[in-house]
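Student: Need a 3D model of the following:
(chains A, B and C)
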Amino acid sequence: MNLQFLVDGLLTGSIIGLGAIGVTLTYSILRFSNFAHGEFISWGAYATLFTSGILGWAMGGAVPAIGPFSFGWTLLVAAVFAMALTGLLALGLDYVLFRHLRRRANAITAVMASFGASMALRSLLEFFFTSSPTYFSKKLQIAKQLGLGIRATPDQMVLIGLTAALVLSIHLLLTRTQTGRSMRAVSENPDLARVAGIDVARIVNITWMIGGALACAAGIMVGLLVQIRPYMGFDLLLPLFAAAILGGIGSVPGALIGGLIVGLAEAVAVQTVGAEWRAAIAFLLLIVVLIVRPSGLFGVRS
Amino acid sequence: MLDLLNLGLAGYIAFFLATALSYSILCLGLNLQWGQTGLFNVGVAGFAAVGAYTSAILTTPPSDMHFGGFGLPIVVGWGGAMLVSAAVTGFIGLATLRLRSDYLAIATFGVAVTIQLVALNAQWLTGGPFGIGFIPRMFGGLAGNALAFNFANLATIAVVVLVLYLALERLVRSPWGRVLRAVREDEEAATSLGKSPARYRLQAFVLGGAIMGLGGAVQAHFIGFIAPENYLPTLTFQVWTMLIIGGSGNNLGAILGGVVIWALWALSGSAIQAIFPPEQQARAAALQITGIGVLLSVALILRPRGLLGEKIIVSRHMDLADTLAPPASAKAE
Amino acid sequence: MSAPQAENQPILAVTDLVSGYDPGVPIVRGASMTVAPGEIVVILGPNGAGKSTFIKSIAGLVPKQSGSVRLEGREIAALPAHRLVHEGLAFVPQTENVFGQMSVEDNLRLAAGILPKAERAPQLDKMYGMFADLARQRHLLAGRLSGGQRQMVAVARALMVSPRVVMLDEPSAGLSPKLVEQVFVNLAGIRKAGVTIVLVEQNARAALAIADRAYILAEGRNAHEGGAADLWNDPAIAALYLGGGKLRGREVPA
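Tutor: Numbering: from 1, shown residues only, chains lettered A, B, ... in the order given. Prediction:
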């Protein structure tokens, strides 16, 4: 077995980690497991595709790629735009659906509703774009030798870097800013947060926007590295939950580390057992965590 | 498959109702798990698949495309389906029932995804992506006469639903049913009376899973062919919508929900066929799911108790002291 | 803006408050209270009287069905809970009154967030000056502190925004007698700094020792009201509402 799985695992792990951070934030502040989170990933990717297509058309044709990467500046601009749009999608879904269910003390209804919303959103994508896979660019990338039998394409390397930057930003947000402190406060005790002067509704909105934006980033990564199709987010749902629970629900570093663990495990499995069993790995990890230590690695909530 | 064009209206209605009622069986199983016991099972498709494949393996003629083909009678297939589903459900329940609701949802979701993955990849067992065909039909001898065939199947499935309904209603009013209700409403009180909540929940979970297995088997024998793509989360989602719309906690609601939602599904399917040109129909079919998703969300907001809501269950012995107040919805921890 | 505070106008005036978690089942059934600036007012009463619900309703944590709450003459009953600190009304809940998973410093800086940026650091220093122990423990997780120290963090958190009125729900609950004494000494000190205090208390004895006036609630309504000294001296009232027995016998700490 060669070490290539490290790169694959790191990439998959980054994607899962970004999504899991969104799931864990939503869970800790909104108190329910959002089954529609996968759709934020898919819609994010399609939104980026759509926007970069419009930008490209406005520019009068194909925009040259930047350096060794497969994408041009139109994708970068589209990405920023789409991350905001996906944040708004999450906010909109909350406004239309989840907000009405908050009054009931019952988190189960919200989960059920999120399941329904996920099916509706995914099917809409299928309707608009058909279920055929599509891509950001048809350019093939040459992988570079990194030594130790590991190869990575320039896209892969920069995406790992971008993930690190994103995660670091979230970490700084949560630990060094008033907004981050407010988010941590609301996740621990919403009533006390109110008493301390925090507008909980505003924090909820911010949480949705961040979750949506991170999911969009994950979707762009999948789109660049693999392909874009309506089921791309849904197929990641089980790994996302497994990662968030493994890391300890409510913990952002936990979600990232959980994601990396799931990603690496999947990469190992692909090399040893076969790619078709990939989805079962997340499930196995999930069951082991739920049986052995449901609070996960860095669990803050019992 | 059936030549629907030759069915005529009566035949079509019989076919439609038979299919709807087969879904109602799944719904009855889910109602026992969720409506009566408050267990959030998001893996319905998986348990249906276990039942369908078990029955198929037991009853199909010998084949080298998949495991078994033992050629046993349909009744044996169905019995086997229920047993194996019960066993699988029990195994999963032991591992996961003590989890809180949304973890149970995620776990059961994962179970269904994994079962579908096994169905897809373990070709030696399940036939892989090719599925299992030649599943013996009920009243297969009537296959030449579409009308009679569909009516006979409808009658059979209706009898199964009726028997299940009566049995479940009896169960709900029995002492076991009352303890189950008590466990759901006030676990501490039930424990103080010496009842083990975990045991009762597991029993309800397993029984519900067995019923789901039966539903899967019934569907398999009605259609005659099963494949992994029949057991995607879409199926779980359809059954959940049926239960919520029909009225969870209520067995009649479960049956009604199956018919209503299946009717909507069939109607929307026909509408799509009528509106969209043939080359667009694959993508337009996605709108059916969108519609059901929206319907479920709207129902959860506006009328979470569905059409028939939750009934007040009174003990068979009509002892007023035992009368329970209208139950509150199941609590999340 | 609001008119300047007229002389003799109460700083906090609650009139005929009806509130409860379930709209059909009010726990507070028309209770009233007025508090003059700089007073310490204590709310007493038997268990289940609705004292805690009363104060939580004023704080915006329990839905109000009817009634008026005026702070410095301004009607605040309809304001959401998080706006009240902006208006100058702070609340210290009885339990879970600190963010245990955040450091002491983060707890305080969180509260300071509603102040203008320039005031945050000075206010934090001022709080550390007032509560020396907190300064030492600033980087510890609030949940790791002892009960008495957590209480200090909770009170400091409320004071961070320099409120005009602070409300506390049973600040002595769960504390040893020595700590209880310390709490009430602190409260007297806070009043000296010009902050009006309203507290719900089960420990009538300790509360009446520092209070100016007291309200007694029973079954969600006003049962009695009077000067603390009067209640202190009236055995009938004590017997009726405060669990009987004498209240006398403890010196009021200076």
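
Student: Provide a list of residues in contact with C:A36.
Tutor: Residues near C:A36 by Cβ atoms under 8 Å, 6 or more residues apart in numbering or on different chains: C:8, C:10-11, C:196. Quick note: C-beta positions are derived from backbone N, CA and C, even for glycine.

Student: Which residues of the stretch 151-300 of chain A lie near chain C?
Tutor: Contact residues, the stretch 151-300 of chain A versus chain C (Cβ under 8 Å from any Cβ of the partner chain): A:178, A:181-182, A:184-185, A:188-189, A:191-200, A:300.

Student: Drop the exposed ones from those and show what's left.
Tutor: Restricting these to buried positions leaves A:181-182, A:184-185, A:188-189, A:191-200, A:300, with burial counted as 16 or more other Cβ atoms under 10 Å in any protein chain shown.

Student: Out of the residues of the stretch 151-300 of chain A next to chain C, which are close to chain B?
Tutor: Residues of these in contact with chain B (Cβ under 8 Å from any Cβ): none.

Student: Mind checking which of the residues you listed land in strands?
Tutor: Of the positions in these, not one sits in strands, assigned by DSSP state E.

Student: Helices - which of the buried ones among the residues of the stretch 151-300 of chain A next to chain C land there?
Tutor: Judged by DSSP state H, helices contain the following of those: A:181-182, A:184-185, A:188, A:191-195, A:200.

Student: element containing C:S32?
Tutor: Assessed by DSSP states H and E, C:S32 sits inside strand C:28-35.

Student: Name whatever forms a beta bridge with the closest residue to chain B within the stretch 1-150 of chain C.
Tutor: Of the residues in the stretch 1-150 of chain C, the one nearest chain B is C:D22, at a distance of 12.2 Å by Cβ to the nearest Cβ. Beta-bridge partners for C:D22, by DSSP bridges, are C:V25.

Student: same question, C:V14
Tutor: According to DSSP bridges, beta-bridge pairing links C:V14 with C:M33, C:V69.

Student: is it true that it touches C:K64?
Tutor: No: if you go by Cβ atoms under 8 Å, C:V14 and C:K64 don't touch, sitting 10.0 Å apart.

Student: of these two, who's got more company?
Tutor: Each of C:V14 and C:K64 had its neighbours counted (other Cβ atoms under 10 Å in any protein chain shown), and the higher figure belongs to C:V14 (24 against 18).

Student: For the more buried one, which residues are in contact?
Tutor: Each residue near C:V14 by Cβ under 8 Å, 6+ apart is listed here: C:31-34, C:54, C:58, C:67-70.

Student: Kindly report the same for A:D94.
Tutor: Residues counted as contacts of A:D94 (Cβ under 8 Å, 6+ apart) are A:204-205, A:208.

Student: Double-check that it belongs to a strand.
Tutor: No: assessed with DSSP: H, G, I helix; E, B strand; the rest coil, A:D94 is helix; it does not lie in a strand.

Student: Greatest separation within the ones in helices among the buried ones among the residues of the stretch 151-300 of chain A next to chain C: which pair is it?
Tutor: Spanning the widest gap among these are A:R181 and A:D191, at 16.5 Å by Cβ to Cβ.

Student: Report the buried residues of stretch C:127-140.
Tutor: With burial defined by 16+ other Cβ under 10 Å, the residues of stretch C:127-140 counted as buried are C:127-128, C:130-131, C:134, C:137-138.

Student: go on, stretch B:277-285?
Tutor: Buried residues in stretch B:277-285, counted by 16+ other Cβ under 10 Å: B:283-285.

Student: Please apply the same query to stretch A:56-64.
Tutor: Neighbour-count burial for stretch A:56-64, with 16+ other Cβ under 10 Å as criterion, is recorded at A:56, A:63.

Student: before we move on, what about stretch A:84-101?
Tutor: Taking 16+ other Cβ under 10 Å as the basis for neighbour counts, the residues of stretch A:84-101 that come out buried are A:85-91, A:93-94, A:97-98, A:100-101.

Student: how close does the residue nearest to the spatial centre of chain A sit to B:G128?
Tutor: Centroid-nearest residue in chain A, with Cα atoms, centre = their mean: A:G19, separated by 2.0 Å. Using Cβ to Cβ, to the nearest Å, A:G19 is found at 30 Å from B:G128.

Student: Report the spatially closest residue to the residue in chain A positioned nearest to chain B, excluding sequence-adjacent ones.
Tutor: Closest residue of chain A to chain B, Cβ to the nearest Cβ: A:A120 (2.8 Å). Beyond its immediate neighbours in the sequence, the residue positioned closest to A:A120 (Cβ to Cβ, 6 or more residues apart in numbering or on different chains) is B:G293, lying 2.8 Å away.
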